[in-house]
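A.B. asks: Take this sequence and fold it.
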Amino acid sequence: MNRLKVFAAAMALTAGAASAQADTLWSADGFDMPESVLADTANNRLVVSVIQGAPNRADGNGHLALLAMDGSMIDANWAEGLDAPKGMALTDGKIFVSDLTVLRIVDANTGELLDSVPAEGSVFLNDVTTDGHAVFVSDMMKNTIWRYAEGKLEKWLETSELAHPNGLLWDGGRLLVGSWGEGLQDDFTTEAPGNLLAVDPDTKAISVVATKVGNIDGIVRLNGRLVLNDWINGKVFEVGEDGTVTEILDHPAGLADIGAEGGTLYLPHMLEGKIEAVTLD
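C.D. replies: Numbering: from 1, shown residues only. Next up is the predicted model:
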């Protein structure tokens, strides 16, 4: 963690200001390592996963917080009893949360922890997405995608081709996977930047959507545009239909699992302890 913080501080010195490329709607601070933002439109709110401590430690400090759509706090400790929660997905009245080696299932209405399903042999579960029926979870350290359906969590795909999978997005009948990149170092940098991948759910064949993007964390659709971000350097990119990658935002290092709803992009600044809502110019 110390190496990670030193590296992030160095990167922050060279990062550009987000305001030059986007309009900030609001910013909410006071979080300890916020990792992911999930828009819960049915309840007109945002769910934030808060690690509160080291991202790889089972310390019981992790929780979910609730924000109103204007950034005001609803409940700072809405769902408790987690360790280091990261990616989330909402389906069937439940929020599925990755938490180190366990998939947590939280009641979307009450915040009650309904179940904790272990992913046997996993190391660092990260992002979560859903096709409306099954839930997919990435294990960044084991090159694995897990699948949860009908009460069972099973390995769905395991291959070095995933190159440390992090961000996930179910996108029009395909599973998009953001690779962190090959040659992972102690400070979480890589020898090679990660690619944006697509997995065919029927054949599990992997294709490359965009090459050498970066250390990909979050992947979203923003008013139809495919948008993703790089945790290490804080940059946000748009990926065109032809795989062209265009930088659209430049933030400090530590920009984690971004969220989106309509034309608003939600940015969890993990190392700065804040959530920012922006609209692109």
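A.B. asks: Mind checking what secondary structure the closest residue to residue 73 other than its chain neighbours has?
C.D. replies: Distances taken as C-beta to C-beta, 6 or more residues apart in numbering place residue 67 nearest to residue 73, at 6.2 Å, with adjacent residues excluded. In short, each C-beta sits where N, CA and C put it, glycine included. Look at residue 67: counting by DSSP: H, G, I helix; E, B strand; the rest coil, its state is strand.
A.B. asks: need the contact list for residue 67.
C.D. replies: Listed by C-beta atoms under 8 Å, 6 or more residues apart in numbering, the contact partners of residue 67 are 28, 45, 46, 48, 73, 74, 275.
A.B. asks: Separate out the buried members of these.
C.D. replies: By neighbour count, with 16 or more other C-beta atoms under 10 Å, the contacts of residue 67 hold 28, 45, 46, 48, 275 as buried.
A.B. asks: Let's have these in TSV, adding distance to residue 104, pLDDT and secondary structure.
C.D. replies: Listed next are these as TSV, based on distance: C-beta to C-beta, whole Å; pLDDT from 0 to 100; DSSP: H, G, I helix; E, B strand; the rest coil:
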residue	distance to residue 104	pLDDT	secondary structure
28	23	98	strand
45	19	98	strand
46	18	98	strand
48	15	98	strand
275	20	98	strand
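A.B. asks: So for stretch 128-143, what gets flagged as buried?
C.D. replies: By neighbour count with 16+ other C-beta under 10 Å, stretch 128-143 contains the buried residues 128-131, 135-143.
A.B. asks: Could you do stretch 156-167 as well?
C.D. replies: Buried, per 16+ other C-beta under 10 Å, within stretch 156-167: 156, 157, 162, 163, 164, 165, 166, 167.
A.B. asks: same deal with stretch 267-281?
C.D. replies: Buried positions in stretch 267-281, judged by neighbour count with 16+ other C-beta under 10 Å: 267-278, 280.
A.B. asks: what's the span of it from first residue to last?
C.D. replies: Terminal residues of stretch 267-281 are spaced 16 Å apart (C-alpha to C-alpha, to the nearest Å).
A.B. asks: Likewise for stretch 56-71?
C.D. replies: OK, stretch 56-71 end separation, C-alpha to C-alpha: 28 Å.
A.B. asks: can you check stretch 38-52 too?
C.D. replies: For stretch 38-52, the separation between the terminal residues is 18 Å (C-alpha to C-alpha).
A.B. asks: What are the buried residues along it?
C.D. replies: Residues 38, 39, 40, 45, 46, 47, 48, 49, 50, 51, 52 are the ones in stretch 38-52 that count as buried (16+ other C-beta under 10 Å).
A.B. asks: Report the two of the residues you listed separated the most.
C.D. replies: Maximum pairwise distance in those, criterion C-beta to C-beta, is 21.7 Å, between 39 and 52.
A.B. asks: So in this structure, where's the weakest helix or strand by average pLDDT?
C.D. replies: Using mean pLDDT, DSSP states H and E, the weakest-scoring helix or strand in the chain turns out to be helix 2-12, at a mean of 44.
A.B. asks: in the sheet, who's paired with residue 198?
C.D. replies: Residues in a beta bridge with residue 198, per DSSP bridges, are residue 176, residue 207.
A.B. asks: Tally up the residues packed near the nearest residue to residue 44 once chain neighbours are set aside, please.
C.D. replies: Distances taken as C-beta to C-beta, 6+ apart put residue 69 closest to residue 44, at 5.9 Å, once the chain neighbours are dropped. Neighbouring residues of residue 69 were enumerated by other C-beta atoms under 10 Å; the total is 17.
A.B. asks: do the same with the one 3 residues further on
C.D. replies: Residue neighbour count, defined by other C-beta under 10 Å, stands at 9 for residue 72.
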